[in-house]
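Engineer: Generate coordinates for the sequence data below:
(4 chains)
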Number of protein chains: 2
Amino acid sequence: MSQRKITIKEFAGKLGVSTATVSRAFNTRGRISAKTRQYILNKATELGYCANVHAKNLSRQDTSTIGFFYPVINSEEPDYFIDEIMFGLNNRLQKVAKTLQVNPFPEFCSEETLNLCRQKILSGSTGGVIIVAGSKGSKVLFETAKSAAVPYVIIGHLLGIENNAVQFDNEHGASLAGNYFRKINRSHPAYIGGHLDSAKKQGFINGLKVSEDQIFITHCGYGFRAGADAFQKVIKSMPEVDCVLCANDPIAMGFISAAQAHNIKIPEDIAVIGFDDIRPSRFFVPGLSSVSLRLSMIGMQAVEMILKNMNGEPCPTQHIECDLVLRESS
Amino acid sequence: MSQRKITIKEFAGKLGVSTATVSRAFNTRGRISAKTRQYILNKATELGYCANVHAKNLSRQDTSTIGFFYPVINSEEPDYFIDEIMFGLNNRLQKVAKTLQVNPFPEFCSEETLNLCRQKILSGSTGGVIIVAGSKGSKVLFETAKSAAVPYVIIGHLLGIENNAVQFDNEHGASLAGNYFRKINRSHPAYIGGHLDSAKKQGFINGLKVSEDQIFITHCGYGFRAGADAFQKVIKSMPEVDCVLCANDPIAMGFISAAQAHNIKIPEDIAVIGFDDIRPSRFFVPGLSSVSLRLSMIGMQAVEMILKNMNGEPCPTQHIECDLVLRESS
DNA sequence: TTGTAAGCGTTATCAT
DNA sequence: ATGATAACGCTTACAA
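Structural biologist: Numbers count the residues shown, from 1 in each chain, chains lettered A, B, ... in the order given. Predicted structure coming up:
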């Protein structure tokens, strides 16, 4: 492994001071004269001394890394939902000099994989964890964090959680979309879900003010390809379809892509609305209408909460407003 | 902070064995009877014992986390180039039970921010680092890693690096695009760069077989918006433009989006080619032609190399082939 | 203000 | 196969 670095003992020895003094120079805590501190700091950069982080963490019983756990729902391509959240996470984290440890786990993962994640939570490698809801694993990790008293924040909905979450109202967002379709007199709706996420479907139905059997529903997984495939299904089962809500933006893009290849006009023939409003949506052609979740803000909120939580302050659940961003696709 | 967990000492005490035995049960290394190991493992899950990672790392002088350092070149939105690489990184890393620590740093960042990154490298928090080239900071971090003998791998080109890198030939990729435009008889080319990346520009010129003054060149930063803005510039300065190469895909998408809003037909009026071939490109409408870099494969390669490197094996630089993926936009 | 020394929770080297 | 015990490199009472 890497060449052994200079330790505090060796470093202190060279300077003719004690290790305690060196430590004080680097930590605001202890008292130390400005002069010696400056001297030590200078020498440190000169000799390349840098405290070993493991020793430090062990001694302090603390760490400045935050764990980020999320289910991987599409093994083909990056998850833009997650990436947008992570973008917010990193932005905020940098300002407080904390660093992110990322821990993806397959949506349907083995007990073993999950255990690895649990270890990471239990082993003290992180001072707090941020967990994205949406799979069985998320629940398990939430429970480990909770029972081990590791500070945690959940992004999304999880059964039996009341505090420490930042949530968004998918049902409401979807109802906005249904509402809109109803107002522009579209009457042959389809819903393309990723998995069984009843909230979006239900919201859509509510907004549409139709009964469930008047709407074509299919669940096809997430991602561009899923959206393209879903188009085939929809057009076959319900050729008269004139509006569709997709469970996320990549699905919508894939759908539109396939539809246009079939000479179907968007939005004239079919109006489509996506979900999440990831960045590319506004530059898609046609501009993709989408239920905006302000994902990077969610990430920043999550950091805000975990910091509080690590600080022992109470963390009531935050509810993020979501709204419908209308662009050309609808 | 989190409620103190059970330590090896306490745990061993309860079982009536020594700490050494407990340690052996969890580590393949030492000899131990299958029976006691099983007993200890069972009791561990029962009592919730889990080794403290800091103590472990300190004792072992080792860690299983890999640092990932990259410059943030667009503060508005996630960087899909990076995300795609990270996707590959995570995929490969999971199979070897290593975890990723992500460390974004602003492209033009303060000495202070950079120092924080250097600390992370020097403090032993990572067993190896993967650094994305592309900014001054990258160079600095590369040098710290090298001089501290921390295993490293560079993604991209860095002055004075010979080994330990996974590189892609931007110049060649761009020349492919130029080549193609020449073959389809486009004669009013524009190049939209992010920053001054002379390789792509030069390659484009070479492929086009024109001199630099016959091509409109603008550098506008990365991202969708930059691409849309660049369109305005290009169309104003060179209304006869009929083909353009963009330094990355989001720029190209933004460009196309703006162009179509101006009733310009893609590819009839202007053929456009992007760079990187991120996932969304193939579902963009029109399908975006792009110089493919196989980013997630690059990520996987980088992991492969860092593992070797950490293992003391030599790591000759890998060159990733790039090729032109033609879709509807050109 | 500075030094001494006792932890922090493991692993690993000796013995046994 | 198992048990003592000395590291690992730092922080932090406590003493000086």
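
Engineer: show me the contacts for residue A:253.
Structural biologist: Residue A:253 is in contact with A:224, A:227, A:274, A:280, A:281, A:284, A:288, B:280, B:283, B:284, counting by C-beta atoms under 8 Å, 6 or more residues apart in numbering or on different chains. Bear in mind the C-beta positions are built from the backbone N, C-alpha and C, glycine included.

Engineer: Check the gap between residue A:209 and DNA strand D for me.
Structural biologist: Noted for residue A:209: a distance of 61 Å to DNA strand D, by C-beta to the nearest atom of the strand, to the nearest Å.

Engineer: Kindly apply the preceding question to residue A:210 instead.
Structural biologist: Separation of residue A:210 from DNA strand D (C-beta to the nearest atom of the strand): 62 Å.

Engineer: Is chain B within reach of the helix or strand where residue A:93 lies?
Structural biologist: Secondary structure from DSSP states H and E places residue A:93 in helix A:80-94. Yes: interface with chain B: helix A:80-94 contributes A:80, A:83, A:84, A:86, A:87, A:90, A:94 (C-beta under 8 Å from any C-beta of the partner chain).

Engineer: So for that helix, what gets flagged as buried?
Structural biologist: Neighbour-count burial for helix A:80-94 flags A:80-94 (criterion: 16 or more other C-beta atoms under 10 Å in any protein chain shown).

Engineer: which among the residues you listed gets closest to residue A:16?
Structural biologist: Ranked by distance to residue A:16 (C-beta to C-beta), these are led by residue A:94 at 37.2 Å.

Engineer: Quick check: closest non-adjacent residue to that closest one.
Structural biologist: Of all residues not flanking residue A:94 in the chain, residue B:104 sits nearest, at 7.2 Å (C-beta to C-beta, 6 or more residues apart in numbering or on different chains).

Engineer: Helix, strand or coil: sort out the one you found for me.
Structural biologist: Put simply, residue B:104 is strand when judged by DSSP: H, G, I helix; E, B strand; the rest coil.

Engineer: didn't it look like it was pressed against residue B:74?
Structural biologist: No: here residue B:104 does not reach residue B:74: they are 11.1 Å apart, not a contact under C-beta atoms under 8 Å.

Engineer: In terms of neighbours, single out the busier of these two.
Structural biologist: A count of neighbours by other C-beta atoms under 10 Å in any protein chain shown puts residue B:104 above the other of residue B:104 and residue B:74, at 24 against 21.

Engineer: Could I get the full set of strands for the stretch 1-150 of chain A?
Structural biologist: For the stretch 1-150 of chain A, the strands defined by DSSP state E, counting those that start in this stretch occupy A:65-72, A:99-106, A:128-132.

Engineer: and the last one, anywhere near chain B?
Structural biologist: No: judged by C-beta under 8 Å from any C-beta, strand A:128-132 stays clear of chain B, getting no closer than 8.6 Å.

Engineer: can you list contacts of that strand?
Structural biologist: Outside of strand A:128-132, the residues within contact range by C-beta under 8 Å, 6+ apart are A:66-71, A:82, A:85, A:89, A:121, A:138, A:141-142, A:145, A:150-156, A:302-303, A:306-307, A:309-310.

Engineer: Give me the buried entries from those.
Structural biologist: The neighbour-count test (16+ other C-beta under 10 Å) marks A:66-71, A:82, A:85, A:89, A:121, A:138, A:141-142, A:145, A:150-156, A:302-303, A:306-307, A:309-310 as buried among the contacts of strand A:128-132.

Engineer: Tell me who's in contact with the residue nearest to residue A:90 when sequence neighbours are not counted.
Structural biologist: By the measure of C-beta to C-beta, 6+ apart, the closest residue to residue A:90 outside its immediate chain neighbours is residue B:104, 5.2 Å from it. The contact partners of residue B:104, by C-beta under 8 Å, 6+ apart, come to A:90, A:94, B:69, B:70, B:71, B:72, B:82.

Engineer: Give me the pLDDT for the residue nearest to residue A:156 when sequence neighbours are not counted.
Structural biologist: In this structure, residue A:156 finds its nearest non-sequential neighbour in residue A:133, 3.4 Å apart by C-beta to C-beta, 6+ apart. If you check residue A:133, the pLDDT there is 95.

Engineer: Settle this for me: residue A:133 is touching residue A:160, isn't it.
Structural biologist: No: if you go by C-beta under 8 Å, residue A:133 and residue A:160 don't touch, sitting 11.4 Å apart.

Engineer: and these two? which has more neighbours close in?
Structural biologist: Remark: of residue A:133 and residue A:160, residue A:133 carries more neighbours, 20 against 8, as counted by other C-beta under 10 Å.

Engineer: Please tell me I have it right and residue A:303 contacts residue A:68.
Structural biologist: No: assessed by C-beta under 8 Å, residue A:303 is found out of contact with residue A:68, at 10.0 Å.

Engineer: what residues do these two have in common as contacts?
Structural biologist: A:89, A:130.

Engineer: Run through who's touching the helix holding residue A:93.
Structural biologist: Helix A:80-94 has contacts (C-beta under 8 Å, 6+ apart) with A:66, A:68, A:70, A:99-100, A:102, A:104, A:130, A:132, A:155, A:248-250, A:276, A:278-280, A:295-304, B:77-78, B:80, B:83, B:102, B:104, B:113.

Engineer: Check stretch A:138-154 too.
Structural biologist: Residues outside stretch A:138-154 that contact it (C-beta under 8 Å, 6+ apart): A:69-71, A:114, A:117-118, A:121-122, A:126-133, A:156, A:158-159, A:161, A:164-166, A:302, A:305-306, A:309-310, A:315, B:2-3, B:5, B:48.

Engineer: wait, does that stretch contact DNA strand C?
Structural biologist: No: contact between stretch A:138-154 and DNA strand C is absent, the nearest approach being 12.5 Å (criterion: C-beta under 7 Å from any atom of the strand).

Engineer: How far does that stretch sit from its chain's centre?
Structural biologist: How far stretch A:138-154 lies from its chain's middle: 16 Å, per C-alpha atoms, centre = their mean, to the nearest Å.

Engineer: backbone phi and psi for residue A:310, please?
Structural biologist: Here is the backbone geometry of residue A:310 (degrees, to the nearest 10): phi -70, psi -20.

Engineer: Where do the strands of the stretch 201-330 of chain A begin and end?
Structural biologist: Assignment of strands within the stretch 201-330 of chain A using DSSP E, counting those that start in this stretch yields the ranges A:216-219, A:243-246, A:271-276, A:289-292, A:318-320, A:323-325.

Engineer: Can you give the strand pairings for the first one, parallel or anti for each?
Structural biologist: According to DSSP bridges, strand A:216-219 has the following sheet partners: strand A:189-193 (parallel).

Engineer: I figured residue A:78 hits residue B:279, correct?
Structural biologist: Yes: if you go by C-beta under 8 Å, residue A:78 and residue B:279 touch, sitting 6.7 Å apart.
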